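>>> Coordinates for the following, if possible.
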Amino acid sequence: MKLPLLNRVALASISVAVLASCGGGSEDNEAGAPAPLNVQPSTVGVKNAKGTCASGFLAEVFVYGGSAPYYVNNAFPDAIVVNKTKVDEAGGSFTISLTGVCLDPGLVVVKDKLNRTASVSVSSPFVEP
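As a prediction, this is how the structure comes out:
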């Protein structure tokens, strides 16, 4: 059966509108179920020599999943230094350095655009001399 041109145009327009409203993924993963937010590595640490606490670079942490941008919250600024407070895209990273203060553990929490969180456990425990 052959439909008149006007009917075919109307059906095509409706089809396009229905397909466009389905979503199909968006840049920030809000249209579907995004991959779970995670950080790699999720645990970093150093084994200190007796009576000392480490200082300097410890790790580069990569952020995956969730919905970008990601916000980095350092709960222990006296012991841990992070080089940025925002990671703009999945697969981006930030670095963690130690200040010479012992801690076991400290946390760096990463929160995505939709308020989901992942954390990095940081340890630099004091060992009695």
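>>> Show me where the protein has its helices.
For the chain, the helices defined by DSSP state H cover 5-20.
>>> And the strands in it?
38-40, 43-45, 55-64, 70-74, 80-82, 86-87, 93-99, 103-111, 117-124 (DSSP state E).
>>> roughly how far out does the last one sit from the chain middle?
If I follow you right, that is strand 117-124. Averaged C-alpha coordinates place strand 117-124 at 13 Å from its chain's average position (CA atoms, centre = their mean, to the nearest Å).
>>> same check, this time on the fourth one
Distance of strand 70-74 from the chain centroid (CA atoms, centre = their mean) equals 9 Å.
>>> that older thread, need the strands of the chain in TSV (columns: mean pLDDT and mean neighbour count).
Glycine gets a C-beta too; all of them are placed from N, C-alpha and C. As requested, the strands of the chain are exported to TSV (pLDDT from 0 to 100; neighbours: other CB atoms under 10 Å):
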stretch	mean pLDDT	mean neighbour count
strand 38-40	98	17
strand 43-45	97	17
strand 55-64	97	17
strand 70-74	98	19
strand 80-82	98	19
strand 86-87	98	16
strand 93-99	98	18
strand 103-111	96	18
strand 117-124	97	20
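>>> Return the residues in contact with residue 90.
The contact partners of residue 90, by CB atoms under 8 Å, 6 or more residues apart in numbering, come to 63, 64, 65, 66, 68.
>>> From those, pick the one nearest residue 120.
Among the contacts of residue 90, residue 63 lies closest to residue 120 (CB to CB), at 9.9 Å.
>>> right, and the closest one touches residue 86 too?
No: Residue 63 is beyond contact range of residue 86, at 10.4 Å (criterion: CB atoms under 8 Å).
>>> what's the overlap in contacts for these two?
When contacts are counted by CB under 8 Å, 6+ apart, residue 63 and residue 86 are jointly contacted by residue 70.
>>> give me the number of residues near residue 34?
20 (other CB atoms under 10 Å).
>>> Contact partners for it?
Listed by CB under 8 Å, 6+ apart, the contact partners of residue 34 are 65, 66, 67.
>>> List only buried entries from those.
Among the contacts of residue 34, those scoring as buried are 65, 66, 67 (criterion: 16 or more other CB atoms under 10 Å).
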